[in-house]
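Trainee: The following comprises the amino acid sequence and a computationally predicted model.
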Amino acid sequence: MNSESPFDEFQAESPPADKPYAPPVMPSSGRSHRGGFILAMGIVSLVASICSIVMCCCILGAVFPLLGMATGITAFFMGRADIAAMNRGEMDDRGRGQTQTGMYLGLAGAIVAALLLIGYVLLMAFGMASNLATQRARF
């Protein structure tokens with residue numbers, strides 16, 4: 001009687017004892033991508049810009065657009081530089097989608113923040129002008 005199972009031929013071969021694991025695979029080209037970081041900055045930019053709409057009645061409403069513009073502009077220019085490096089083959093290409101998404105979210109957040117900041121400045125200017133006009137009318 002044979003002690004071997006009829007399914008032995010389908011069993012996976014175990015690796016040799018002196019090399020139990022395969023060596024790590026290095027990225028195919030150049031530096032690693034910063035797609036996750038750029039995507040996070042783009043999201044922070046857009047969220048900060050949207051939060052400034054909600055908090056327009058307090059002092060944080062004027063701080064959030066500045067945060068949105070700073071992170072948005074940074075995400076856009078970092079993303080643009082990384083996409084150019086990926087096109088030249090100097091950077092790992094696997095993060096292209098994250099980098100592009102973060103770049104566009106950062107651009108959208110910076111534009112929304114800039115429009116809100118302009119709106120706040122105009123609102124304050126018209127408020128001051130109407131306040132001066134009512135004070136002059138009283139005297």
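Mentor: Alright, I've got the coordinates.
Trainee: which stretches of the chain have low pLDDT?
Mentor: 1-17, 19-20, 22-29, 139 (pLDDT under 70).
Trainee: from the middle of its chain, how far away would the helix or strand N87 falls within be?
Mentor: According to DSSP states H and E, N87 maps onto helix 60-88. Put simply, helix 60-88 sits 8 Å off its chain's centre (CA atoms, centre = their mean, to the nearest Å).
Trainee: Show me which positions of that helix end up buried.
Mentor: Buried residues in helix 60-88, defined by neighbour count with 16 or more other CB atoms under 10 Å: 61-62, 64-65, 67-76, 78-80, 82-83, 85-86. C-beta here means a position set from N, CA and C on the backbone, and glycine is covered the same way.
Trainee: how about the helices in this structure?
Mentor: According to DSSP state H, the chain carries its helices in the segments 35-54, 60-88, 96-138.
Trainee: residue contacts, the most centrally placed residue in the chain?
Mentor: Residue closest to the mean C-alpha point of the chain, counted by CA atoms, centre = their mean, is L39 at 2.3 Å. Going by CB atoms under 8 Å, 6 or more residues apart in numbering, L39 touches 98-99, 101-102, 105.
Trainee: Need the CA coordinates for stretch 50-68. CSV is fine.
Mentor: Below are the C-alpha coordinates for stretch 50-68, written out as CSV (Å, rounded to 0.1, in the frame of the first residue of the first chain):
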residue,chain,number,x,y,z
ILE,A,50,-15.9,74.4,2.5
CYS,A,51,-15.6,74.8,6.3
SER,A,52,-15.0,78.5,5.8
ILE,A,53,-18.5,78.8,4.2
VAL,A,54,-20.1,77.2,7.3
MET,A,55,-18.0,79.3,9.7
CYS,A,56,-18.4,82.6,8.0
CYS,A,57,-19.9,84.3,11.0
CYS,A,58,-16.9,83.8,13.3
ILE,A,59,-13.2,84.6,13.1
LEU,A,60,-12.4,81.1,11.9
GLY,A,61,-14.2,81.9,8.7
ALA,A,62,-11.4,84.2,7.8
VAL,A,63,-8.7,81.7,8.8
PHE,A,64,-9.9,78.7,6.9
PRO,A,65,-9.7,80.3,3.5
LEU,A,66,-6.0,81.1,4.2
LEU,A,67,-5.4,77.4,5.2
GLY,A,68,-7.3,76.3,2.1
